[in-house]
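Asker: With the sequence up front, the predicted model follows.
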Amino acid sequence: MRTQMIGTGALRALVAVAALAFTGSAVAQLEGGQGGQEGGPQMELQQIQQRLAEVQQQALEDNPGLEAQRDELEDLVVRKMEEAGYDPDSSMETLENVQGQIQDESLSDEERQQMLQEAQQAQQDLQEAQQVAMQDDEVVEAQQAFQDDLMDAMRDIEPDTDEMIEDFQRIQEEMQGGMGGQGGQGGGGMAPQ
C-alpha cells in the first residue's frame, strides 16, 4: 500500500527530477515548458534536452541495476517524506484524480477551480516533502551514488554527455540573462531549486 499505490510513476519522475537537479544539469527544467517560440537558443536547448533524455533512458534500459537503484532511491525518498509527516501517496492520488476528472465537460467553472486549487495544494505538499527528504543525509548519499552511476552509464553511451550538459547550462544562462525574464519559463512547476 506504499509506493505501489502510485500507479503513474509521477513520484518516480519527481525523484528523477530531483536527482538530476542536484548535478546542476537542469535537464528536466524545460519539461512541460516547451511552448513558446521555436528556433534559436530555445530550439537548441530542446534538442540537447531531448538527446540527454534519450541517453538517460538508454542508460536505464541497458543497466537493470540502475533501474533497481533508482527504485530504491524512490522508496527511500518516500519513506523520508513519510517520516517527516507528509503523505506523498495521498498527494499523488489527489493529483491523479484531478487529472482524470478535470476534462469532464459537465463540471462547472467553480468545481473546476476548486479541483485546480486541490491539485496546487497537493503539488505544493509534494514539493515541500521532497525538499525535506532531499536534505536527509541518507537520501543525499543514495542520490549521489545513483547520479554518479547514471552519469557513468550515460557517458558510456554518449561520450559527449558532459559537454552537452555544459552547453545546455551555458545556453540556458545566456537566455535567462539576455531576455530578462521574457522567455516562456514562467510556470515551470516541478523543477526544484
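Answerer: Done, it's in. Quick caveat: nothing in here was measured; it's all calculated off a predicted structure.

Asker: For the longest helix along the chain, buried residues please.
Answerer: The longest helix of the chain (DSSP state H) is helix 109-133. Buried residues in helix 109-133, defined by neighbour count with 16 or more other C-beta atoms under 10 Å: 115, 119, 122-123, 125-127, 129-130, 132-133. (Each C-beta comes from the backbone N, C-alpha and C, glycine too.)

Asker: Kindly report the same for stretch 75-92.
Answerer: Neighbour-count burial for stretch 75-92 flags 76-81, 86, 88-89, 91-92 (criterion: 16+ other C-beta under 10 Å).

Asker: end to end, how far does that stretch reach?
Answerer: This stretch, stretch 75-92, spans 14 Å end to end (C-alpha to C-alpha, to the nearest Å).

Asker: Make 731 the starting number, not 1.
Answerer: Got it, the first residue is 731 from now on, which makes the last one we talked about stretch 805-822.

Asker: Centre of the chain to it, how far?
Answerer: Relative to its chain's centre, stretch 805-822 lies at 16 Å (C-alpha atoms, centre = their mean, to the nearest Å).

Asker: Now name the helix or strand holding R809.
Answerer: In the assignment (DSSP states H and E), R809 maps to helix 794-813.

Asker: elements contacting whichever helix or strand comes after that helix?
Answerer: As assigned by DSSP H and E, the chain's next helix or strand after helix 794-813 is helix 818-831. Judged by 3 or more C-beta pairs under 8 Å, 6 or more residues apart in numbering; DSSP states H and E, helix 818-831 is in contact with helix 740-753, helix 794-813, helix 839-863.
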